[in-house]
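*Asks:* coordinates only, sequence not included:
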């Protein structure tokens, strides 16, 4: 009887622990395994926001335990204050913002005060300072030979509703400290990066009679019409080499998934279900497509070969899994866990495998949607709505560390990075 | 003791400052700029040629159906036309029969859905209305469907009646 009681208590404790995944900052990785680093601000004009950006970059990497103290010191000096010598490394930085932005960093090993690395960064824009900081932290991470975190350098592109029937497409850094509108006027939706270098993006314009997909060069503004479709049209995924794209379109009045060869214009219809098939994502080395379908009477995640009719259910959990993403063998999906017709529902993000079916929650509270893998599959982006607060969340799948950045803006329609 | 500590501290400070390296000049030749990928200036495009096609009137207010058509409303997550919409559909059949231009059928959803699935749900609603019109003899080639998902609410207050009004299909003539 006592044994049974012990087992029940253990199970209850395990359940409580498992449900605590979604703290603002969750640390599963042993803290002692991470490198302690102190940050010293050597700027003439010291800014807490800049320091906080360094701090959050180190946190989200999963490789560093950054000292939260905003230390000040001389960048030119190699002298390290005694109070920061508990850290293994010290990063000194100086930011100047005259005629653009310039950032100098020096990395010291505290044990012998030796300089490990120094680098300067300069860009003509003042607004893009967050990118300088991300680049500096990813370089420090690289110098210390940790797994790559260059995803923090990438642009996030998102569409946001401004008023009914109108939207804008904007760029941001991953923390949303930098934001810039690149397309405004009309209803332009579903932006998707067209290539790894993030020079071009696809988006759907609703400014004509039917939705039309364009490919835009974000540096020159030149754009090409790719395809139009009655009903709806979304570029859901782009192949690794950028030559093919997966579309959700409805030339026959039903949302189905198509693969389009961008160079030749050749199009194949991947799904032919008389219900809803959307959200196609390449998986299994681009031999198959992961997608969301209501073929069982509710939204769920399925997988289908590009070359044959074989279709299989991938997720066996939840009764409304309406969005998914894939990276290699890994999949993430959003699952609606309430059924409230007159208010906000609970949505959570789950991580699973297309082959093994092992599933674990990434979030457990609030409304969490738009799960998106980083290009290397190491991190999952999602949007969290809790009460009136919206945040952009990132979960590092190796350290299972999550970080939320506040998003103060209009409702996000779609997002890619 | 205090004197000794002061002498040691002063000596240590001098020693460290003597070892200090001068800070590299930001414009010096040994500097590395790793910012090529982010330094370029991106564009800002204004596609302000948006017309009246999705229901915006001249004053910038959003209207529901126009040209004599009546909007058709749906239950949460549903895309079947309910019996309560019979009168609206009868009006739409009459207007469509005599329409001299193509009819645009616009599917819309409430704010609680997101992503592609919500647009597909709006499309299913538009398809339900189109199929109903076809069944009454309206030629398929006379109609065109577009789903606007949750992008075009007619009502934005947080109330049940407001959410009901947004789960709808609007009809209008293509100009």
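*Replies:* Arrived safely. Quantities reported herein were computed from a predicted structural model and do not represent experimental measurements.
*Asks:* Burial check on residue 140, number of neighbours?
*Replies:* Just going to use chain A. Burial of residue A:140 is recorded as 26 neighbouring residues (other Cβ atoms under 10 Å in any protein chain shown). Backbone N, C-alpha and C define where each C-beta goes, glycine included.
*Asks:* switch to chain B, that's the one I care about
*Replies:* Look at residue B:140: counted by other Cβ under 10 Å, it has 11 neighbours.
*Asks:* tell me the contacts of it?
*Replies:* Contact partners of residue B:140, counting by Cβ atoms under 8 Å, 6 or more residues apart in numbering or on different chains, are B:130, B:134.
*Asks:* again with residue A:48
*Replies:* Taking Cβ under 8 Å, 6+ apart as the criterion, residue A:48 is in contact with residue A:70.
*Asks:* what about residue A:137, which SS state?
*Replies:* Remark: residue A:137 carries the secondary structure label helix [criterion: DSSP: H, G, I helix; E, B strand; the rest coil].
*Asks:* How about it, nearest residue that isn't a chain neighbour?
*Replies:* When the adjacent residues along the chain are set aside, residue A:137 lies closest to residue A:57, with 3.8 Å between them (Cβ to Cβ, 6 or more residues apart in numbering or on different chains).
*Asks:* doesn't that neighbour fall inside a helix?
*Replies:* Yes: the secondary structure assignment for residue A:57 places it in a helix, going by three-state DSSP.
*Asks:* Residue A:39 versus that one, what's the distance?
*Replies:* According to Cβ to Cβ, to the nearest Å, residue A:57 stands 10 Å off from residue A:39.
*Asks:* got it, and residue A:208?
*Replies:* The spacing between residue A:208 and residue A:39, counted by Cβ to Cβ, is 51 Å.
*Asks:* Give me the more crowded residue out of these two.
*Replies:* Each of residue A:208 and residue A:39 has its neighbours counted (other Cβ under 10 Å); residue A:39 has more, 24 against 15.
*Asks:* What is the burial count for the residue nearest to residue A:137?
*Replies:* Using other Cβ under 10 Å as the criterion, residue A:57 is surrounded by 25 other residues.
*Asks:* Can you check the pLDDT for it?
*Replies:* For residue A:57, the model assigns a pLDDT of 94.
*Asks:* what does the one 10 residues further on give?
*Replies:* Each residue has a pLDDT score; the one for residue A:67 is 93.
*Asks:* Count the neighbours of it for me.
*Replies:* Residue A:67 is flanked by 19 other residues according to other Cβ under 10 Å.
*Asks:* what do you get for the one 3 residues further on?
*Replies:* Residues near residue A:70, counting by other Cβ under 10 Å, number 16.
*Asks:* how about it, what does it touch?
*Replies:* A:39, A:41, A:46, A:48, A:51.
*Asks:* Tell me the spacing between it and chain B.
*Replies:* For residue A:70, the distance to chain B under the criterion Cβ to the nearest Cβ, to the nearest Å works out to 20 Å.
*Asks:* if I look at that residue, how far off is residue A:43?
*Replies:* Here the criterion is Cβ to Cβ. By it, residue A:70 lies 11 Å from residue A:43.
*Asks:* same deal with residue A:36?
*Replies:* Going from residue A:36 to residue A:43 by Cβ to Cβ gives 23 Å.
*Asks:* Could you do residue A:239 as well?
*Replies:* On the measure of Cβ to Cβ, residue A:239 and residue A:43 end up 43 Å apart.
*Asks:* how about stretch A:300-307: buried residues?
*Replies:* A:300, A:301, A:302, A:303, A:304, A:306 (16 or more other Cβ atoms under 10 Å in any protein chain shown).
*Asks:* next SSE after the longest helix along chain B?
*Replies:* Under DSSP state H, the helix in chain B containing the largest number of residues is helix B:115-135. Using DSSP states H and E, the helix or strand that follows helix B:115-135 in sequence is strand B:143-147.
*Asks:* Not counting its own residues, what contacts the helix or strand just after that following strand?
*Replies:* Scanning forward in sequence from strand B:143-147 by DSSP H and E, the next helix or strand is helix B:160-166. Under the criterion Cβ under 8 Å, 6+ apart, residues A:341-342, B:64, B:73, B:76, B:108-112, B:150, B:153-156 lie in contact with helix B:160-166.
*Asks:* again, 10 Å this time
*Replies:* Contact with helix B:160-166 is made by A:164, A:341-343, B:64, B:71, B:73-76, B:108-112, B:150, B:152-157, B:159, as judged by Cβ atoms under 10 Å, 6 or more residues apart in numbering or on different chains.
*Asks:* Which SSE is immediately downstream of it?
*Replies:* Stepping forward along the backbone from helix B:160-166, the first helix or strand reached (DSSP H and E) is strand B:168-173.
*Asks:* Adjacent strands (with direction) for that next one?
*Replies:* Neighbouring strands of strand B:168-173 in its sheet, by DSSP bridges, are strand B:72-73 (antiparallel), strand B:103-107 (antiparallel).
*Asks:* so which of those gets nearest residue A:192?
*Replies:* Nearest to residue A:192 among these is strand B:103-107; the distance by Cβ to Cβ comes to 22.0 Å.
*Asks:* ok, back up a step: is it possible to get JSON lines of the strands paired with strand B:168-173 that adds distance to residue A:61?
*Replies:* Listed next are the strands paired with strand B:168-173 as JSON lines, based on distance: least, Cβ to Cβ, whole Å:
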{"stretch": "strand B:72-73", "distance to residue A:61": "50"}
{"stretch": "strand B:103-107", "distance to residue A:61": "43"}
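*Asks:* With respect to residue B:125, which of those lies nearest?
*Replies:* Nearest to residue B:125, of all the strands paired with strand B:168-173, is strand B:103-107, at 4.3 Å by Cβ to Cβ.
*Asks:* Give me the mean pLDDT for the closest one.
*Replies:* On average, the pLDDT along strand B:103-107 is 96.
*Asks:* what do you get for stretch A:325-340?
*Replies:* The average of the pLDDT scores along stretch A:325-340 is 87.
*Asks:* List the buried residues for it?
*Replies:* Buried residues in stretch A:325-340, counted by 16+ other Cβ under 10 Å: A:325, A:326, A:327, A:330, A:331, A:332, A:333, A:334, A:335, A:336.
*Asks:* and what of stretch B:91-99?
*Replies:* Judged by neighbour count (16+ other Cβ under 10 Å), stretch B:91-99 contains these buried residues: B:92, B:95, B:96, B:99.
*Asks:* same thing with stretch A:363-378?
*Replies:* Neighbour-count burial for stretch A:363-378, counted by 16+ other Cβ under 10 Å, picks out A:363-364, A:366-374, A:377-378.
*Asks:* Next: stretch A:55-70.
*Replies:* For stretch A:55-70, a neighbour-count test (16+ other Cβ under 10 Å) marks A:55-67, A:70 as buried.
*Asks:* May I see the strands paired with strand B:168-173 organised as CSV, with mean neighbour count added?
*Replies:* As requested, these are exported to CSV (neighbours: other Cβ atoms under 10 Å in any protein chain shown):
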stretch, mean neighbour count
strand B:72-73, 22
strand B:103-107, 26
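*Asks:* I'd assumed residue A:351 was in contact with residue A:358.
*Replies:* Yes: the pair formed by residue A:358 and residue A:351 meets the contact definition of Cβ atoms under 10 Å, at 8.7 Å.
*Asks:* who's more crowded, these two?
*Replies:* Residue environment comparison for residue A:358 versus residue A:351 gives the larger neighbour count to residue A:351, 19 against 8, counting by other Cβ under 10 Å.
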